[in-house]
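Student: structure for this input, please:
(chains A and B)
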Amino acid sequence: MGLELTLAWRNLWRHARRTWLTVGAMVFSNILLVFLISFQFGTYQLMIDNTLSLFTGHIQIQKPGYHQEPRLRDTLNDIQPLAQSMRAQVQGAEFSARAMGFALASSETRSYGVQVVGVQPESEAIVSSLPGLVTRGRYLQDDDTQAVVIGETLARNLKIQPGDELTLLGSGWDGSFAADILTVVGIFSVGVADLERLMIQMPLPRFQETFSLGNRGHSVVAKVNNFEAIPATVNRIQNLTASGLDHNKPLAVLDWNQLQPGLKQAIQTDMASSWFMYGILVILVAFSVMNTQLMSVLERTREFGIVLSLGLRAGRLSKLVMLETALMAGLGMVIGIALGVALTAVLTHTGFTYPGLEEMSQKFNLPGRMYPQLSPLSIILGPAIIFLGSLLAALYPALRVHWLKPVEAMGAV
Amino acid sequence: MRPIMLQCIFSIWLSLTGANTSLAAEAINTLDAKGIIESAMDHWRGVSSYSEMTMTIHRPSWQRSMSLRGWTQGKDNSLVRVTAPAKDVGNGTLILDQDMWTYSPKINRIIKVPSSMMGQSWMGSDFSNRDVARDDDILDEYTHTLLQTTQDDGFTVYHIEAIPHPTAAVVWGRQVIQVREDFVLLREDYYDQDDALVKSLVTKDIKTMGGRTVAARQRMSNIEKPEEWTEIIMETIDFDIDLNAQMFSLSNLRNPRQ
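Tutor: Model prediction:
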């Protein structure tokens, strides 16, 4: 083995320029893969975190069917006590109760249809990031009575400022008229156009009064501290709600993927298209390796003929060719990873952006500047595939040795 | 642009306009399909009315009734006010041409209903705001064909198909309207663009009130959800009464003077 290794290493440098060119292609691909995969993994987690923490949360407890078709009538009873008992019994997660309705919101001069959300201000601030994104005025407080926070776009459309009055008109739970006058205490700017244009939040008790809901509500939102613990928490909630709270049966416990199927789909679509691109990259590198090794085998036809006629088994020559490829690919991998990690590590600190990124990011509530996340998997995944692809590509040149006939081969030019 | 000519409370006035039977029957023979609808509406136009109604909204798990009072003048002006239950007394809707305002005493505010809300339900019923603020799109934006005539209770019933013009911004694929020879509207079916029946307004009871033959009970029901319907029962109605122009004003919507 030692001899073969030495031979393979020396063979590589018989054509130093050719070897460097092939290694160069590998290095380039590896840098690209290390960077892109780190970037992707970082983005996906950020995308999930930011999108969910804004409003949806990780888990929601609702009446079955409410998520598919939200109707004011489809309520859970005793929504505040339900949230309270969840807080007491489920560890590692925060809970907040909500009620939701639709109303016509009017200022002095204008009217728009909006989604009204009744929230528990203090726990809402723990489960969602929206309360922290109030840019003017303040968010709701637990002792607020007729306060409301609205989105930036809606404030502009209605031409109102913090301190102004907002009138709500809609239908209550019992079909009666729901009407209220609230004071705008804050305006939020979250970067998601629909929320800023359509959503307003008011204190839950006031909402229940205005919409004649009594003690009812529409969902209990949960945010878990550890993302990995979501399935376990869903189970725990299901067990708890199945045993007690019989006047609320049945309950639907939905995780984030059921609540926002579009998010996972967006990630999967993005993954699929990038894997397609990576696949092309790997295939190109593999062909370049195959080309190099085929050349290197063909030009040694005479040499191989001689050693074969001296009694060397073709298998050992194939092994030699594979060993050469492995050394070359190994070199490409080491240099590629080193440079790729260096580049990515720098960008991890400085961040980067490109034209159009900001618009795209806004859709998923991401920052305009991106920071890739290095992880062992994101570092090794791409280069490992390139390495394996190279070995696979070298199989054909290596196995060609078996078809050589020593006498004819010796006569080859 | 008012795409849908849906049936509504106010459409009852369309059916209310059925006047003297023999006179109408004589006239209707000379009318084409459009003319039947048009003359039914012409009867209603320029005529003022005052009515008291009960509207019942039915859902699988609950049901609710409201008492309403309504005034109309011509085809453009309407005012409806809630008189019961106590919780909702004083809520009102004013329609001037195609504009709609709503008033709620709870907040003492008049709010203009924006066009984006016209598709929303009116007072929680199966009628949309647009149904209520209807205009005569059914005449101008549709092509009318007399499908057939049938006999019902000794009356001739005209089945008229109305298909919106290709350029009309209408959500319906077609509507089929059944008008009795005395101009009482018996039934109106709404088909979507795939020609599936979506909802129907059916006259359940016909009476003589205020000197005219009128549809006394009408039900709007959702075909897919038969357990969801809204029924309007006409309690009393008077025609050709004197209404002053002030009746249909924002200040009267807020502070009733009658």
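Student: what helix or strand is the residue in chain B sticking out farthest from the centre on?
Tutor: Among residues of chain B, the one most distant from the C-alpha centroid is B:Ile107; the distance is 28.1 Å, by C-alpha atoms, centre = their mean. Using DSSP states H and E, B:Ile107 sits within no helix or strand.
Student: cool, and A:Ala266?
Tutor: Per DSSP H and E, A:Ala266 falls inside helix A:261-298.
Student: can you give me the buried ones in the helix or strand just after that helix?
Tutor: Downstream of helix A:261-298, the first helix or strand assigned by DSSP H and E is helix A:301-309. Within helix A:301-309, the residues scored as buried using 16 or more other C-beta atoms under 10 Å in any protein chain shown are A:Thr301, A:Phe304, A:Gly305, A:Val307, A:Leu308. Using the backbone N, CA and C atoms, a C-beta is placed for each residue, glycine as well.
Student: let me see the contact set for the last one.
Tutor: When contacts are counted by C-beta atoms under 8 Å, 6 or more residues apart in numbering or on different chains, A:Leu308 touches A:Ala314, A:Leu317, A:Leu404, A:Pro406, A:Ala409.
Student: what residues sit buried inside stretch A:72-87?
Tutor: Within stretch A:72-87, the residues that count as buried by 16+ other C-beta under 10 Å are A:72, A:74-76, A:78-80, A:82-87.
Student: which ones among these map onto helices?
Tutor: Mapping these onto helices (DSSP state H) picks out A:Ile79, A:Gln80, A:Leu82, A:Ala83, A:Gln84, A:Ser85, A:Met86, A:Arg87.
Student: just the closest of these to chain B, please.
Tutor: Distance to chain B across those (C-beta to the nearest C-beta) is lowest for A:Ile79, with 18.2 Å.
Student: how close does the closest one sit to A:Gln68?
Tutor: Using C-beta to C-beta, to the nearest Å, we find A:Ile79 at a distance of 20 Å from A:Gln68.
Student: and A:Pro367, by the same measure?
Tutor: For A:Pro367, the distance to A:Gln68 - C-beta to C-beta - is 33 Å.
Student: these two: which has the busier surroundings?
Tutor: More neighbours surround A:Pro367 than the other of A:Pro367 and A:Gln68, with 15 against 8 (other C-beta atoms under 10 Å in any protein chain shown).
Student: helix or strand right after the worst-scoring helix or strand of chain A on mean pLDDT?
Tutor: Least confident element among the helices and strands of chain A, by mean pLDDT, DSSP states H and E: helix A:357-363 (a mean of 71). For helix A:357-363, the succeeding helix or strand toward the C-terminus, using DSSP H and E, is helix A:376-400.
Student: what's in contact with the following helix or strand past that next one?
Tutor: Using DSSP H and E, the helix or strand that follows helix A:376-400 in sequence is helix A:406-411. The contact list for helix A:406-411, computed with C-beta under 8 Å, 6+ apart, reads A:Thr301, A:Arg302, A:Phe304, A:Gly305, A:Ile306, A:Leu308, A:Ser309.
Student: again, 10 Å this time
Tutor: Helix A:406-411 has contacts (C-beta atoms under 10 Å, 6 or more residues apart in numbering or on different chains) with A:300-312, A:314, A:401, A:403-405.
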